[in-house]
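> Build me a model from this:
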Amino acid sequence: MLEPVNVSLESLNLMTLSPMLIPIIGALMIIVVDLFKSGLDKTLYVMLSLLFLVMDFGAILESAGAFAQNGTIMGIFDVMLIDGLAILSQLIIVGASMLFIPLALTSKRFHEFSYPEFFALFLFMISGFQFMVATDNLILVFVGLETSSLALYTLIAMHNRDKSFEAAVKYFTMGALAAGFYSFGAMVFYALTGSVEINQIASVLAANKYADIGYVLIGVTFMLASFGFKLSLVPFHTWAPDIYEGASASMAGFMSIVPKIAAFIVAMRIFEFLIHSGVVWLEVILYIFVVVTMTAANIWALVQTDVKRMLAYSSISHAGFVMAAILIGTTQSNSALFLYWALFTFTNLGSFSMLWISRQKHIPAHQSSDHSYNKFAGMVRTAPVAASIMALFMLSLAGIPPFALFWGKLYMIASAVSGGYTVLALIMALNSAIAGYYYLKLIVYMFMLDPVKGADEHVFTNNASLSLRTIIGLAAVGTIFAFIAVNPLLEFITAFVYNSGY
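Residues are numbered from 1 along each chain as shown. Below you'll find the model as predicted:
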């Protein structure tokens with residue numbers, strides 16, 4: 001007869017679970033409040049969501065302090081893993097969410113924000129992303145992935161336009177396929193090593209000197225396909241532009257940032273130990289993914305006639321650019337990934353928020369879509385401040401100094417050169433130059449063309465509520481003055497990445 005095992009609360013180290021539990025408690029509280037008193041003003045739900053996100057951010061900072069003192073922390077039967085990667089990625093996830101939620105305080109016609117379920121699902125989604133990054137257990141990664149994905153499908157559909165339902169169904173279908181690939185890849189690694197812990201898998205494969213390289217290849221292929229979908233890497237990107245177009249502009253901006261940083265961290269944990277093991281074919285495949293994604297997405301962005309779709313392809317290109325950090329696999333490149341994505345958060349969320357301001361219920365005859373380039377023609381005359389801010393975000397995305405993303409691109413390219421990937425660094429620089437064309441194209445429309453006859457002159461001020469102006473202002477300030485914070489931010493990031501052994 002088996003002896004009962006006594007497990008103390010102290011050994012479980014529940015502190016590792018607190019950042020994920022806070023948004024879950026917040027979501028349940030919103031549901032309970034609505035259950036007892038329905039029809040409350042959405043402002044209450046916005047404030048509750050913000051409150052729990054601030055508490056979540058505080059819990060992550062507390063975890064950061066514990067990590068700085070004690071190093072990597074394990075908890076809940078060694079399933080939870082709090083290291084530098086988990087802390088940095090959670091700070092970006094929750095920080096971006098704190099910028100996104102106030103966008104709900106806008107015009108009443110954005111009806112999805114009037115439902116308390118929207119905010120509950122949003123907090124469940126954040127918790128799922130946090131579970132993904134704060135573990136090296138493949139099963140818990142899958143649970144976090146599915147929790148966040150199922151919530152996100154519903155949030156997209158709640159926009160309640162024909163294209164939104166289409167986008168949600170497409171995303172659900174692609175997400176289900178990606179989940180299947182991930183499950184099969186995880187099954188192969190478990191069959192090979194008898195473990196679902198990434199560190200243990202790495203140890204067993206290294207001890208066997210990769211004797212079963214054929215099966216490893218199969219497992220990695222499925223994992224690459226799964227994360228190719230999640231990161232919208234070419235050729236698994238086809239869902240992204242349609243889904244960005246169908247989702248609300250603010251949700252599209254959020255999707256271009258938060259789900260991807262969670263996927264990057266899991267990809268970093270899975271693929272970097274394989275790259276360091278000298279598996280040459282994996283390095284070649286990742287190299288091809290990175291180059292093709294950057295280049296093809298830029299070429300597609302060049303020919304877009306809709307600004308939202310252009311920004312969607314632009315986000316795909318940025319994902320390819322950042323994926324290079326995992327290919328290079330050095331402490332410098334991993335630090336560059338976090339620096340780049342932190343700066344990208346401000347710029348890209350600001351860009352999509354500008355589209356959110358200008359949303360139209362009925363598309364005029366002279367526009368082919370809600371965010372066609374014609375809509376922005378002569379914007380400097382009708383809304384000079386909005387035109388200047390949008391131009392600022394475009395210049396930053398293009399990597400023009402001294403704006404935010406210039407520093408991210410510079411450090412990423414420098415890490416490629418330092419890691420011995422000189423040709424890759426040249427390709428990255430060339431792609432940045434190509435991307436400059438379609439960002440500058442929008443600036444030309446705004447500053448050098450005349451407004452289209454019959455255009456609504458107030459389209460960029462109709463929905464400019466105080467919350468929207470505040471968030472866009474914060475994004476603009478962060479984009480302009482990033483150069484002041486780059487060095488201290490980089491030192492902070494590098495310390496956490498280095499102490500995590502990456």
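
> Now do the helices for the stretch 401-502 of the chain: every range, in order, please.
Secondary structure of the stretch 401-502 of the chain (DSSP state H, counting those that start in this stretch): helices at 404-418, 422-448, 466-480, 482-499.

> That should have said the stretch 51-200 of the chain, apologies.
Under the criterion DSSP H, counting those that start in this stretch, the stretch 51-200 of the chain contains helices at 84-100, 116-133, 138-157, 162-193, 198-207.

> other SSEs contacting the last one?
Pointing back at helix 198-207 there. helix 162-193, helix 258-276 (3 or more Cβ pairs under 8 Å, 6 or more residues apart in numbering; DSSP states H and E). Just so you know, the C-beta spots here come from the backbone N, C-alpha and C atoms, and that holds for glycine as well.

> Give the next helix or strand downstream of the lowest-mean-pLDDT helix or strand in the chain.
Every helix and strand in the chain was compared by mean pLDDT, DSSP states H and E; the lowest is helix 9-12, with a mean of 61. Later in the chain than helix 9-12, the nearest helix or strand by DSSP states H and E is helix 18-36.

> wait, what's in contact with A319?
By Cβ atoms under 8 Å, 6 or more residues apart in numbering, the contact set of A319 is 231-233, 260, 293.

> Which pair of those spans the longest distance?
Taking Cβ to Cβ as the measure, the contacts of A319 span a maximum distance of 12.2 Å, between K260 and T293.

> Not including adjacent chain positions, what is the nearest residue to A202?
Spatial nearest neighbour of A202, excluding adjacent residues (Cβ to Cβ, 6 or more residues apart in numbering): F273 at 4.1 Å.

> gap between the one you found and L50?
Per Cβ to Cβ, to the nearest Å, F273 is found 38 Å from L50.

> just A178 next, same as before
Separation of A178 from L50 (Cβ to Cβ) stands at 31 Å.

> Looking at K260 and T293, which one has more neighbours?
T293 (27 against 22; other Cβ atoms under 10 Å).

> Compute the number of surrounding residues for P488.
Neighbours of P488 using other Cβ under 10 Å come to 9.

> Equivalent analysis for A414, please.
Neighbours of A414 using other Cβ under 10 Å come to 14.

> for it, what are its contacts?
Residues in contact with A414 (Cβ under 8 Å, 6+ apart) are 332, 336.

> same deal with F492?
No contacts exist for F492 under Cβ under 8 Å, 6+ apart.

> Tell me the pLDDT of it.
On the pLDDT scale, F492 is placed at 89.

> For F67, see how far away it is.
Taken as Cβ to Cβ, the span from F492 to F67 is 12 Å.

> go on, G39?
For G39 relative to F67 (Cβ to Cβ), the value is 44 Å.

> same check, this time on V258
With distances taken as Cβ to Cβ, V258 is found 22 Å from F67.

> What of I275?
Distance of I275 to F67, given as Cβ to Cβ: 25 Å.

> Of the two, which one has the most company?
Per other Cβ under 10 Å, whichever of I275 and F67 has more neighbours is F67, with 19 against 16.

> how about low-confidence regions in the stretch 351-500 of the chain?
358-370, 452-465 (pLDDT under 70).

> give me that answer again for 80
356-375, 382-383, 450-469, 499-500 (pLDDT under 80).

> How about the stretch 201-350 of the chain?
209-212, 246-249, 276-280.

> Can you show me the strands along it?
For the stretch 201-350 of the chain, no strands are identified by DSSP state E, counting those that start in this stretch.
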